[in-house]
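J.: sequence and predicted model, in that order:
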Amino acid sequence: ADLFDGIVMAEQRFHGEGYQEGYAEGRHAGMAEGRRYGALHGARIGSEIGCYLGFALTWHCLLQKSADEKNSKKIRALDSLIGMIQKFPYQDPTYDKLQEDLEKIRGKFKQVCSMLNIQSDFRIGTERSSLTF
């Protein structure tokens, strides 16, 4: 009876061992793929946010030279955009409102571009990011 038990149970035993080996290998491969994806996605977001910040700081400096009522509204909008970017949680990838805050920054950027009469088009390509006017 023991000889037949080994043969009959072999399929179940090998299935269990194969599952454990496959699970361990898949987990390792998934972690590596997740890190690569996270680094790439994080770099894209960082590039986009950095571009917005450079844009906002440059326009802020340009508009401060001639302070009239129209420019003061634009400066306030730029200050708001700069503040949102500075509060963005770069160091916390588990921040639950990351996408929501990113969308708010994008919306504020579009609002500022509209106030400045600038057509914005931020594209993220495989080679480089660009902001065109």
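T.: That came in fine, so what should we check first?
J.: longest helix anywhere in the chain?
T.: helix 2-64 (DSSP state H).
J.: look up how far Leu63 lies from Arg76.
T.: 10 Å (C-beta to C-beta, to the nearest Å). Placement of C-beta: from N, CA and C, glycine included.
J.: actually Ala39, not the one I wrote
T.: 36 Å.
J.: please say which of the two ends up with more neighbours.
T.: Counted by other C-beta atoms under 10 Å, Ala39 and Leu63 do not tie: Leu63 has more neighbours, with 18 against 10.
J.: leaving aside the residues adjacent along the chain, what's closest to the more buried one?
T.: Asn71 (4.7 Å; C-beta to C-beta, 6 or more residues apart in numbering).
J.: same deal with Met115?
T.: Lys74 (5.2 Å).
J.: could you export the strand or helix carrying that neighbour as CSV, CA atoms only?
T.: Lys74 belongs to helix 69-87 when assigned by DSSP states H and E. Taking Å, rounded to 0.1, in the frame of the first residue of the first chain, the C-alpha atoms of helix 69-87 are listed here in CSV:
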residue,chain,number,x,y,z
GLU,A,69,-3.2,94.7,-11.2
LYS,A,70,-3.2,92.3,-14.1
ASN,A,71,0.2,91.0,-13.2
SER,A,72,-0.6,90.7,-9.5
LYS,A,73,-3.4,88.1,-10.3
LYS,A,74,-0.9,86.2,-12.4
ILE,A,75,1.7,86.4,-9.7
ARG,A,76,-0.8,85.1,-7.1
ALA,A,77,-1.7,82.1,-9.4
LEU,A,78,2.0,81.4,-9.9
ASP,A,79,2.6,81.6,-6.1
SER,A,80,-0.2,79.1,-5.7
LEU,A,81,1.3,76.8,-8.2
ILE,A,82,4.8,77.1,-6.7
GLY,A,83,3.3,76.4,-3.2
MET,A,84,1.5,73.3,-4.5
ILE,A,85,4.7,72.0,-6.0
GLN,A,86,6.7,72.6,-2.9
LYS,A,87,4.2,70.7,-0.8
